[in-house]
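Chemist: Below: sequence and its predicted model.
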Amino acid sequence: MQLKRTTLTALLIVLATLSFATAAITLTNITEWHVQTPGTPPVVKVKGADATGSLLSVSTYTASDGTNRTVITIKGYTGDPTYYSEAIKICNTYGTSSFTVSLKYNGVLSGNWTYVKYLKLWLGTLGPLTIDSSTSVGTTLGSVTLNPGQCVSVPAEVLVHANTPSSQWNTDLITIEVDVVSTG
């Protein structure tokens, strides 16, 4: 009888030890995240000298997701590369810190490359970043360091196919996203 009790006690001790060894403890540490804004972004895109409104225009809006969007409408003559020496400028408006900026192609938003051969972008003297039907999403150009108060021009060149029918003139042939990525 003593052997049975000893065996039973040993078995209970082993089971109790195993149950504690496999038990999980969950702790929850509470954190609070207070979201604030210091104001407008320190790196901004502004109209370049060529953005006169007839062949090149620049506007901004706030998208439904809350992000600031800059819309650049660029026109190219059919069959002739059309170059703009300053489509937009990227400026560091922050008073104390430098930022590095680059351009990043994020893909086609609407339309297609049927009538557009390419769009080339420069970042100051760097480039071009040639964007066409074979350009991979994530392709970048840069980086350029902008000191406080400094701007860099973004020249652009577009080639619209010579065979673009007149029914497509003055319509959006393609809409692509190119982001200005700034690090400071």
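Modeler: Looks like it arrived, so ask away.

Chemist: CA atoms for contacts and neighbours, from now on please.
Modeler: OK.

Chemist: Can I get stretch 57-64 in PDB, CA atoms only?
Modeler: What follows is stretch 57-64, C-alpha atoms only, in PDB (Å, rounded to 0.1, in the frame of the first residue of the first chain):
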ATOM      1  CA  SER A  57       0.400  72.800 -64.600                       C
ATOM      2  CA  VAL A  58       0.800  71.900 -60.900                       C
ATOM      3  CA  SER A  59      -2.000  71.700 -58.300                       C
ATOM      4  CA  THR A  60      -2.500  70.100 -54.900                       C
ATOM      5  CA  TYR A  61      -5.300  68.400 -53.100                       C
ATOM      6  CA  THR A  62      -5.900  66.200 -50.000                       C
ATOM      7  CA  ALA A  63      -6.800  62.600 -50.900                       C
ATOM      8  CA  SER A  64      -9.500  60.600 -49.200                       C
END
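
Chemist: all helices for this structure, in order.
Modeler: Along the chain, counting by DSSP state H, helices occupy 2-21.

Chemist: Out of the helices and strands in it, which is least certain?
Modeler: Lowest by mean pLDDT, DSSP states H and E among the helices and strands of the chain is helix 2-21, with a mean of 67.

Chemist: Surely Ile131 is in contact with Trp113?
Modeler: No: using CA atoms under 8 Å, Ile131 makes no contact with Trp113, being 10.2 Å away.

Chemist: Name the residues contacting each of the two.
Modeler: Common contacts of Ile131 and Trp113 (CA atoms under 8 Å, 6 or more residues apart in numbering): none found.

Chemist: More neighbours: which of the two?
Modeler: Ile131 (20 against 17; other CA atoms under 10 Å).

Chemist: So in terms of bridging, what pairs with the more buried one?
Modeler: Beta-bridge pairing of Ile131 under DSSP bridges involves Leu119.

Chemist: who touches it in this structure?
Modeler: 105, 118-120.

Chemist: try 10 Å
Modeler: With contacts defined as CA atoms under 10 Å, 6 or more residues apart in numbering, Ile131 is in contact with 105, 107, 117-121, 137, 139, 158, 176, 178.

Chemist: What subset of those residues is buried?
Modeler: Among the contacts of Ile131, those classed as buried by 16 or more other CA atoms under 10 Å are 105, 107, 117-121, 158, 178.

Chemist: and which of those residues is nearest Ile74?
Modeler: Val158 (7.8 Å; CA to CA).

Chemist: Identify the residue nearest the closest one in space, chain neighbours excluded?
Modeler: Leu119 (4.5 Å; CA to CA, 6 or more residues apart in numbering).

Chemist: Was I right to think that neighbour contacts Thr73?
Modeler: No: counting by CA atoms under 10 Å, Thr73 is not a contact partner of Leu119; they are 12.0 Å apart.

Chemist: Phi and psi next, for the closest residue to Trp113 other than its chain neighbours.
Modeler: Spatially, and ignoring its direct neighbours in sequence, Trp113 is nearest to Ser133 (6.1 Å; CA to CA, 6+ apart). Backbone dihedrals for Ser133, given as degrees, to the nearest 10, come out at phi -60, psi -20.
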